[in-house]
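**Q** Got a predicted structure here, sequence first:
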Amino acid sequence: MPHRDRTRRRRRAGLALGLAAPTAASAARHAEPTAVRGTIVDASPHVLVVDTGGAEPIRLPLTPTTSIWYGGRSGPHALVPGREAIVRPNADGPGVERVWVDITRVTGVIRARSHRVIEVDQGPHRGTAEVHVPDRVLHRILVRHPRMEPGELMDVICVRSPDGPRAVRPGSSQPAQRLAPPAGDAPAATAVQGTATWFRPDPDAGAARGAAYPAVDPEGRAGGCPDVPPACAPLPYLSQGSELIVHNECTGRSVAVPVIECGCIAARYCDRCVECGTSPRGRIVELTPEAFVDLGGDLDAGCFNARVDLAATAACSRPEER
Amino acid sequence: MDFLPDAQVLLLVVVLALSGTTKLLSRPAPAPRPPAEIHGVPVPAAEPHWTAVLRRSRPVTVALALVECLLAGALAVTPHPAVRGAAVVLMVTATWVVIELRERTPDLGCGCFGELSTEPVGRRSVVRAALLAVAALGALGGDRAALEIVAGGSWRTWSLFAAELALLAAVSPEPAELLRRRRRPPTPCERRPSPLPESLSRLRRSDQWRRHRSSLTAEEPVDVWREGCWRFLAYPARDAEIVFAVSTAARDRTVHATVLPSDESASSDAGDPADDTAPARVPDEAGGSGAPVEGPAPSPAVERSAEGDRTLTCR
C-alpha cells in the first residue's frame, strides 16, 4: 500500500470519529530516525561508505569502539563492497556504534528438511527460504527448536551466503510453540506489552520504517491474511496504514511507525523476550531493521521487550464513549 | 389423589418441549481432533464408543428432538395410555444412555438440553434422568391431558409441579452454566472478529446511510479498513468522499459519517487530524456528541462548525 494511502486512512479515520492526533509532548519522546541501511561501496579502518539509494553515498566515520557483526563478532575485514550494511550511529556524538553486515532472519513454519537444509514457509508475503544450518551452530539452535520437523515453527538469525541464508543463532529466547491460549476476553487496553522482533519487508512496501502487525483485519482492504490464528497477546484488529507507537522498554526510546504488512507468522508465536527482564508472552509487532535499530534493538539479539501504544489509532476509541 | 399423576404430566410436557427445542436450536461445536502423536509417540486411532457416535451425530440429535416435541404435544392433547407408555420408554432409555455416557465418555456431556451445558456427565445428570423416568411412571395413572389440567388443575397439582421443577433445576448443570455465561465478559469490540457483511448490513439500516445515499456515486465502497472497534467504509460521492465508521461491537452498533471534499481528501497527506480545518463528525444516534447535519451532502462550511467541542483524544 502506498505511503499516501496509509496517511489518508489515518486522517479519514480520525475525522470520522473526531479524534485528535497524539500530542506534541508524546511525540517528543520519539527516537530520531538515525539507522542507515545500504550497500557497502567502500570501507577503510576509519570510514564506511554506504549507498542507500540516494543521490550521494553516505560516509560514516568508524572508530576503534565500533562493533561489527558478520555472522558473529567480526572486524573491518567484513566490510566488503557489495555486502549490505545496517548501521547504528553513536547516540552521543560522531561515529558509528554498530554495523551489521549481511544479516538476515528466517521466521516461519518448517515445510521440509533434508539433512542440514531446512525449507521454511515465511507466510504469504515473504515466500519460502532454504536455511543452511552448519554443524557448529546446530546444537545451539536445537535448544530453541528441539524438533526441526515439518509443521514446527522456526526462527533463526542468519548471515547471507551465496548458497542462501546460513543460520547463526536462534532468533527466539524461548521454544516458540504456542503454549497459552489466546486472551479472548481480556480487558481492553490502550497499550499492549510483549515482544518486538524484526523482519525484512517487501522492497515494494515503500517504507523503510514500518511494522508488521499480527492482528491485521482480514476483511475488506485492511490487508490481513485469512486463517491467521488469534495472536497470543490481546491485540486489537488494525489495518495497513494504522500508526503504532512502539516503545523499547530496555532503552526507553519510542518511535511511531505505520503498519505496512500483516504479521501472520508473528501471530503464531507465544514466546517471551528476555533482553531486559521477562516480557509478557506474545509477539506484538515486527519492525523493519531500520525502525528496530532506531529504537536501540540489536538485530543479532532478535528481540526487545516492547510496549505498543495505540494512542495514535482509532483502536482506543470505543463506541460507548462516543 | 389425581394431583400426583397430573403434576407428572405437566412436568413431562415442559421438560420434553424444552429439551426438544434446545436440541433443535443449538449447534454442537465440531468434535476436537485428537493429535496424531504426543511427544513424538504416535497415538493409535481408537474406535469411538457407540455412545460417542450417537452423541455427536446431528441427525440422531434432530430425530430425538422431534420425537420429544411430538411426545410433548401428544401429552398435552391426549391422555391415551400409549402416549404415556412411550414417555416411560423414552425416559427409561434416556436414563440408561446417560449412565452409559457417564461410564464411557463423560467428557462429551449428556446433551440432554442440546449444548446448553458442556459439563461432563456426572451423578447429577443420572439422578435427573432417573427422576424423570419415575415421573413418567407416575404419569401412567392419570386420565387427563395436560391442556385439561392447565384449564382446571388444583392448587395441589400446581404446587407439586413447581416443587418438582425446582428439584430438577437444582440437580441440572444448565442453569448454573447459563448464569456463568451471562457473567463472563464478552470479547471486547476491538478484538471481536466482525465479518464485512455484518458491517454493510448495519450501515445500510442506519440513518447516516439514508441521509447520504442519494449523493453516493457508487454502491460499493472504494476502501474498507478497520481500527479496533471501528470499521471504516469510504464511498465516492459527488465532489466529495463519504467515510462511514461502523462499530464492530456485538450489539448496539453505532454508525458515524464524515464528508470530505474531494480536493481535501486528495491532498490530505500532510494534514493533521486535529487541525482546525477538520470537518465535523456527524453522529448517527440522537444524544451523540454533536448535532446532526441535515441534507444529503453538507458543504464543508457547514461541516466545520463547532468541531473543537467534539474532538476527543484516546487517552
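**A** Structure's in. What do you need? Not measured: the values here are computed from a predicted model.
**Q** which of the residues in the helix or strand harbouring residue B:8 are buried?
**A** Assessed by DSSP states H and E, residue B:8 sits inside helix B:3-25. For helix B:3-25, burial by neighbour count (16 or more other Cβ atoms under 10 Å in any protein chain shown) applies to B:3, B:5-24. Any C-beta I mention is one placed from the backbone N, CA and C, and that applies to glycine too.
**Q** Contacts for the helix or strand containing residue B:63, please.
**A** Assigned by DSSP H and E, residue B:63 falls within helix B:58-77. With contact meaning Cβ atoms under 8 Å, 6 or more residues apart in numbering or on different chains, helix B:58-77 is reached by B:9, B:12-13, B:16-17, B:19-21, B:23-24, B:28, B:54, B:80, B:83-84, B:86-87, B:90, B:111, B:114, B:139, B:145-147.
**Q** Mind doing that once more with 6 Å?
**A** With contacts defined as Cβ atoms under 6 Å, 6 or more residues apart in numbering or on different chains, helix B:58-77 is touched by B:9, B:12-13, B:16-17, B:19-20, B:23-24, B:54, B:83, B:87, B:145-147.
**Q** Kindly indicate which of those lies nearest chain A.
**A** If you rank the contacts of helix B:58-77 by distance to chain A using Cβ to the nearest Cβ, residue B:23 comes first, at 26.6 Å.
**Q** Leaving out the residues flanking it, which one is nearest to the closest one?
**A** Nearest residue to residue B:23 in three dimensions, chain neighbours excluded: residue B:65, at 3.7 Å (Cβ to Cβ, 6 or more residues apart in numbering or on different chains).
**Q** Kindly provide the distance from that neighbour to residue B:18.
**A** With distances taken as Cβ to Cβ, to the nearest Å, residue B:65 is found 11 Å from residue B:18.
**Q** where along the stretch 1-150 of chain A do the strands fall?
**A** In the stretch 1-150 of chain A, the strands defined using DSSP state E, counting those that start in this stretch lie at A:36-43, A:47-51, A:58-61, A:67-69, A:73-74, A:84-89, A:96-101, A:103-114, A:117-121, A:128-132.
**Q** Could you give me the buried positions within the longest one?
**A** So the one you mean is strand A:103-114. Judged by neighbour count using 16+ other Cβ under 10 Å, the buried positions of strand A:103-114 are A:103-111, A:113.
**Q** what's the burial count for the residue nearest to residue A:232 when sequence neighbours are not counted?
**A** Closest residue to residue A:232 apart from its sequence neighbours, by Cβ to Cβ, 6+ apart: residue A:282 at 3.3 Å. Residue A:282: 25 surrounding residues under other Cβ atoms under 10 Å in any protein chain shown.
**Q** show me the contacts for residue A:282.
**A** Counting by Cβ under 6 Å, 6+ apart, residue A:282 has contacts A:194, A:232-233, A:270.
**Q** out of everything not next to it in sequence, what's closest to residue 108?
**A** Let's take chain A. Excluding the flanking residues, the one nearest residue A:108 by Cβ to Cβ, 6+ apart is residue A:122, at 3.9 Å.
**Q** wrong one, I was asking about chain B
**A** residue B:55 is the one closest to residue B:108 (Cβ to Cβ, 6+ apart), at 5.0 Å.
**Q** Flag the shaky bits of the stretch 101-250 of chain A, pLDDT-wise.
**A** Across the stretch 101-250 of chain A, the ranges flagged by pLDDT under 70 are A:176-188, A:204-206.
**Q** tell me the SS of residue B:242?
**A** The three-state label given to residue B:242 by DSSP: H, G, I helix; E, B strand; the rest coil is strand.
**Q** What's the local residue count around it?
**A** Neighbourhood size, residue B:242 [other Cβ under 10 Å]: 27.
**Q** Might one say that it is in contact with residue B:213?
**A** No: using Cβ atoms under 6 Å, residue B:242 is not in contact with residue B:213; the gap is 9.5 Å.
**Q** Now the residue positioned nearest the centre of chain A. Nearest residue, chain neighbours left out?
**A** The structure's chain A has its C-alpha centroid closest to residue A:198; by Cα atoms, centre = their mean the separation is 1.8 Å. Distance criterion Cβ to Cβ, 6+ apart; nearest residue to residue A:198, sequence neighbours excluded, is residue A:292 at 4.0 Å.
**Q** Surely the one you found is in contact with residue A:197?
**A** No: here residue A:292 does not reach residue A:197: they are 8.0 Å apart, not a contact under Cβ under 6 Å.
**Q** out of these two, which sits in the more crowded spot?
**A** Per other Cβ under 10 Å, whichever of residue A:292 and residue A:197 has more neighbours is residue A:292, with 31 against 28.
**Q** Next, that one: phi, psi?
**A** phi -60, psi -40 (degrees, to the nearest 10).
**Q** Quickly note the distance from it to residue A:299.
**A** 7 Å.
**Q** if we can go back for a sec, so can I have a markdown table of the strands of the stretch 1-150 of chain A showing distance to residue A:310?
**A** Formatted as a markdown table, the strands of the stretch 1-150 of chain A follow (distance: least, Cβ to Cβ, whole Å):
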| stretch | distance to residue A:310 |
| --- | --- |
| strand A:36-43 | 28 |
| strand A:47-51 | 35 |
| strand A:58-61 | 34 |
| strand A:67-69 | 33 |
| strand A:73-74 | 38 |
| strand A:84-89 | 27 |
| strand A:96-101 | 30 |
| strand A:103-114 | 24 |
| strand A:117-121 | 30 |
| strand A:128-132 | 32 |
